[in-house]
Every structure is written in C-alpha cells, then in structure tokens.
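Undergrad: pasting the sequence and the predicted coordinates here, then a few questions.
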Amino acid sequence: MKTITIERDELKELIRETFINVLTQRKDLIGNVVIEAMEDIGLGVAMQEGRTGKYIDNKEFLKKVDKKIKAAK
C-alpha cells in the first residue's frame with residue numbers, strides 16, 4: 001500500500017466537497033436519517049408524557065406513539 005501525504009487544508013476541502021456531494025446527490029440518505037430521528041424524538045416524548053405511574057395496554061401505547069410520529073412529520 002502506498003502512503004500519501006495531504007495538507008490539513010486540502011483534507012478539509014476534500015471532506016467538505018464530499019459532504020456537499022452527499023447532500024446534493026444522495027438526498028434520500030439525508031431524508032431517511034431525518035425521518036428516523038423524528039420518530040425517535042416522538043417516541044421519547046411519548047415515553048416522557050406517559051410517565052404518570054399509570055399503565056395502559058399495548059394497543060393504547062401504540063396509538064399514542066403513532067400519533068406523536070405523525071405530529072412530528
């Protein structure tokens with residue numbers, strides 16, 4: 001394997017260009033990440049709101065989670 005040397009500024013520019021390329025050419029990847037993050041946030045909020053000491057059945061829990069996810073979109 002051949003070793004190459006690259007200056008810090010050159011590396012930063014290469015990383016910047018690659019990142020911009022991913023953002024412009026692979027919008028589907030970014031969209032999927034954002035959707036998953038929003039779903040995780042929705043689940044976290046639903047869990048926090050559900051901490052009342054009272055328990056609900058599984059169906060009711062899933063309804064609340066689904067409602068939060070739809071509201072986050």
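TA: Sure, I can see it. Residues are numbered from 1 along each chain as shown.

Undergrad: what helices or strands is the strand or helix carrying residue 40 leaning on?
TA: Here residue 40, judged by DSSP states H and E, is contained in helix 27-49. When contacts are defined as 3 or more C-beta pairs under 8 Å, 6 or more residues apart in numbering; DSSP states H and E, helix 27-49 packs onto helix 8-25, helix 58-72. C-beta: built from backbone N, CA, C; applies to glycine.

Undergrad: for the shortest one, packing partners?
TA: Taking 3+ C-beta pairs under 8 Å, 6+ apart as the contact definition, the neighbouring helices and strands of helix 58-72 are helix 27-49.

Undergrad: what do you get for the longest one?
TA: In terms of contact count using 3+ C-beta pairs under 8 Å, 6+ apart, helix 8-25 is assigned the packing partners helix 27-49.

Undergrad: how about residues contacting the helix it packs on?
TA: Helix 27-49 has contacts (C-beta atoms under 8 Å, 6 or more residues apart in numbering) with 22, 23, 61, 64, 65, 68, 69, 71, 72, 73.

Undergrad: ok, the first one - contacts?
TA: What it means is residue 22. 29, 30.

Undergrad: how far away is residue 38 from residue 45?
TA: Distance of residue 38 to residue 45, given as C-beta to C-beta, to the nearest Å: 10 Å.

Undergrad: now the least confident helix or strand in the chain by mean pLDDT: buried residues?
TA: The weakest-scoring helix or strand in the chain, judged by mean pLDDT, DSSP states H and E, is helix 27-49 (a mean of 87). Within helix 27-49, the residues that count as buried by 16 or more other C-beta atoms under 10 Å are 42, 45, 46.
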